[in-house]
Structures are given as C-alpha cells and as structure tokens.
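Chemist: Fold the stuff below for me.
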Amino acid sequence: MKYFITLLFTFLFSIASTAQEPINIGTSYTILSSVLNENRTIQIHLPKSYNDSSLTPQHYPVIYLLDSESNFNYLSAYVEKLSKYPYPSIPEMIIVGIVNTNRTRDLTPTVKNTSSMSQEQSNKIKGDSGGNALFFDFIETELFPYINTNFRTVGYNILIGHSFGGITALNNLLTRTSMFNAYIVHDPSIWWDDKIILQNYQDAKKYDFQNRKLFLTQVDEKENTDHLAEHYNAIKEFDKFLKNSTPLNLQYKYKQYTGEDHGSIPMKGNLDGLRYIFEGYKINFKQLKTNLNLLESSFDALSKNLHFTLVPNEQYLTTIIKYFQQNNEIAVANYLIQYKEKHYPKCMIINKKEKE
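Modeler: Model prediction:
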C-alpha cells in the first residue's frame, strides 16, 4: 500500500511538474511618444498563424482597441474564436490595445469646465480634457508607423471605443476619416460638452465619409433612469439623426441590447460589430460541390462592400482542400488548389502533395 501511494504521488508530481507551459494571449510594448511627451503601453495580440513557418507570411487587418486594460483579454479570445476554421466569420486579425495614462484627456474631443456639469457628470472627470486631436496625432504619426513597420499588416484598420472611447471614435470618424476603415462604438458619451459631437455631425450633413462602416450600440431601455437619462437620450438623438440624414458613403447600423448595461455592452457589441463589418465572410464551403464559383464570388462581394480587397487566408484554403480530397471530390479540390496558387504563388506547401 505504501509502495502504491509513493508511485501515485510520483505520478501526480510528474504531471504537475511538466504542465508548466504558460498560455499567452499577447505581449506588452512601450512606445516613447514625442507627441504626448510620455511613454505609452500597447498590448498586441497576434493570430496563431502569424508565426507558422509552413505558411506564406500573411498580412492581417488590425483592430485598434481603446481602454485596452479593460477589454484586451476577452476581445483576443473573441477574435480567435470567430476566425477559427473551417467556418470563420471574420478574418484573423492583429489586435493593438492602447492602455490609458490620462483617459479623460485623451478620450474627449473638447476642453470642458466641470462647473457647468451635473454632479454625476463631473464625478466622471479625472484630470484634463479635450486631448482628442493630440491623441489622434499620436496614433497616426507614431503608433501606425510602429505597427506597420514591425508587424505584417494589410492596411485595413478598425477602431473600437466605449463610453469616452466611443465619442473619441465618432470624433475620429468625422475629423480624421481616412485613418480607419471601420468603427465599433459602444454606448458613447454623446452628452459630453452639450452634445458637441452630435452638433458637429449635424453641421456636416453633406460630409463624405469615404465608404466607412459604423456599428453603434446602446444599453437597455431600463437604463434610461435618473442620472443616466441624459447619456441614454443623447445616443437616441444621434441615432435618429444618422438614420434620417443618410450620411454620404457611410454604412451604418445601430443595435440596442436588452439586459445589458453600460459596463457589459462591449461584450456582446464586439461580437456583433465584427460580424457586421465582415458580413459575408462566412460561407458554407461544402456548397462548392455544386457551385465552384461560390468562394470567389463571395469574397468579391465582400471586398466590394468593404471597399478593400480581401482574399481567404491560406490556411483556410489548405483546410478545405484537404476536406474535399478526403471526400474524393477531386475536381473541387483541384479548383481550390489553382485558386490558392493564384493568391499565394509562393506558398511553402508543395502543391504536388496536395494533389496526391
């Protein structure tokens, strides 16, 4: 009995001592910003395929995430899950999370004197305000070059912002439209400075939004109470304006979430927002048996909608090629091999082996 217990202990200790590999979802980097005159921490999540030596080096869309310290972990898991083969809803993407140093300063469009605010509003203000323009300069002239130089990016950028980050994203869409291709905005603080963001959009009725996409979320109707009413009603007013004015070259979708409050809304909103941006990315590849053109036509339509050319990931193509080979659908497999060779002529997987 003593011998058995000793063996059991040794076995368990062996398991415990070998199961030490960490689970990493990203890496933190520090950038010295001359624009902001401070060090800025960014958190970066890379797709699993990024360092796969069996693949042609891929280039990826990039999500720029505000309030990263609150959202980076779960968003990384979302993107990894939604982009998983063989039925991805979105492409694999790099996530660049921007960690706050002075949130109110960076994530508000104007300088606001707290003396004119309600007590509830003034309680949210910590430090200076009105630093959006400098923050945008930091992203455009320092962060973008750093990311594009050190990582393989494809040139399609998404900005995600919540609350103060939400009005920052809306301000960027209007004043620095060319910086990002799409925006996901959660329960934004449009009440800020007497609804200055709404006023600015109203003053720019005929503005050309250059084929951008905007997904806007709002909390449950039950949250429209007491001190939250001003926040809630300002978003409703903004949504009504966008729907009635039909902004030029802006694809817009609004969604209100039952049962979600200001803190929880980014969880569901990011899932739906990413699927909205890449609507049409997910296809039933098994239908290629009866419609060989499905893959190409689907991605042509998606690219037209995005005003940006996207093609299927190489690993995705490899996955479905193997499926059709294993199911003896050789004609479909060979068609896909040719499609893959067209888009990835330098792929490291030997096509001869795929055809065998």
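Chemist: now the helices for the stretch 201-350 of the chain?
Modeler: Under the criterion DSSP state H, counting those that start in this stretch, the stretch 201-350 of the chain carries helices at the ranges 229-245, 265-277, 294-306, 314-326, 330-343.
Chemist: Could the C-alpha coordinates of the last one be exported in PDB?
Modeler: So the one you mean is helix 330-343. The C-alpha trace of helix 330-343 is given here as PDB (Å, rounded to 0.1, in the frame of the first residue of the first chain):
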ATOM      1  CA  ILE A 330     -11.100  15.800 -56.700                       C
ATOM      2  CA  ALA A 331     -12.400  18.400 -59.100                       C
ATOM      3  CA  VAL A 332     -13.300  20.700 -56.300                       C
ATOM      4  CA  ALA A 333     -10.000  20.200 -54.600                       C
ATOM      5  CA  ASN A 334      -8.100  20.900 -57.800                       C
ATOM      6  CA  TYR A 335     -10.100  24.000 -58.500                       C
ATOM      7  CA  LEU A 336      -9.200  25.300 -55.000                       C
ATOM      8  CA  ILE A 337      -5.600  24.400 -55.400                       C
ATOM      9  CA  GLN A 338      -5.500  26.600 -58.500                       C
ATOM     10  CA  TYR A 339      -7.300  29.400 -56.600                       C
ATOM     11  CA  LYS A 340      -4.800  29.100 -53.800                       C
ATOM     12  CA  GLU A 341      -1.800  29.200 -56.300                       C
ATOM     13  CA  LYS A 342      -3.300  32.300 -57.800                       C
ATOM     14  CA  HIS A 343      -3.400  34.200 -54.500                       C
END
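Chemist: now that helix: mean pLDDT?
Modeler: The pLDDT scores in helix 330-343 average 96.
Chemist: other SSEs contacting that helix?
Modeler: With contacts taken as 3 or more CB pairs under 8 Å, 6 or more residues apart in numbering; DSSP states H and E, helix 330-343 sits against helix 294-306, helix 314-326, helix 351-355. Placement of C-beta: from N, CA and C, glycine included.
Chemist: quick one on the thing from earlier: looking at the helices of the stretch 201-350 of the chain, which is nearest to Asn211?
Modeler: Proximity to Asn211, assessed across the helices of the stretch 201-350 of the chain by CB to CB, is greatest for helix 294-306 (8.3 Å).
Chemist: tell me the SS of the residue nearest the centre of the chain?
Modeler: Nearest to the geometric centre of the chain sits Ile63, at 4.0 Å (CA atoms, centre = their mean). Following DSSP: H, G, I helix; E, B strand; the rest coil, we place Ile63 in the strand state.
Chemist: got the contact list for it?
Modeler: Leu75, Val79, Met93, Ile94, Ile95, Val96, Asn157, Ile158, Ile160 (CB atoms under 8 Å, 6 or more residues apart in numbering).
Chemist: Which members of the residues you listed are the farthest-apart pair?
Modeler: The widest separation within the contacts of Ile63 (CB to CB) is 15.1 Å, between Leu75 and Asn157.
Chemist: Just want the angle from whichever strand or helix holds Asn172 to helix 229-245.
Modeler: Secondary structure assigned from DSSP states H and E places Asn172 in helix 164-175. If you take axes from the mean of the first three to the mean of the last three CA atoms, to 10 degrees, helix 164-175 sits at 30 degrees to helix 229-245.
Chemist: and for helix 164-175, what are the contacting residues?
Modeler: 66-67, 103-104, 106-109, 132-133, 135-136, 159-161, 179-180, 183-190, 192, 197, 200-201, 204, 207, 209, 212, 214.
Chemist: Narrow those to those in helices?
Modeler: Arg103, Thr104, Asp106, Asn132, Ala133, Phe135, Phe136, Trp192, Ile197, Asn200, Tyr201 (DSSP state H).
Chemist: Would you mind giving these as a markdown table with neighbour count, pLDDT and distance to Thr225 added?
Modeler: A markdown table is the format used below for the ones in helices among the contacts of helix 164-175 (neighbours: other CB atoms under 10 Å; pLDDT from 0 to 100; distance: CB to CB, whole Å):
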| residue | neighbour count | pLDDT | distance to Thr225 |
| --- | --- | --- | --- |
| Arg103 | 22 | 97 | 25 |
| Thr104 | 17 | 96 | 24 |
| Asp106 | 26 | 98 | 29 |
| Asn132 | 21 | 98 | 29 |
| Ala133 | 13 | 98 | 34 |
| Phe135 | 25 | 99 | 32 |
| Phe136 | 18 | 99 | 34 |
| Trp192 | 28 | 96 | 20 |
| Ile197 | 24 | 98 | 23 |
| Asn200 | 16 | 98 | 28 |
| Tyr201 | 21 | 98 | 26 |
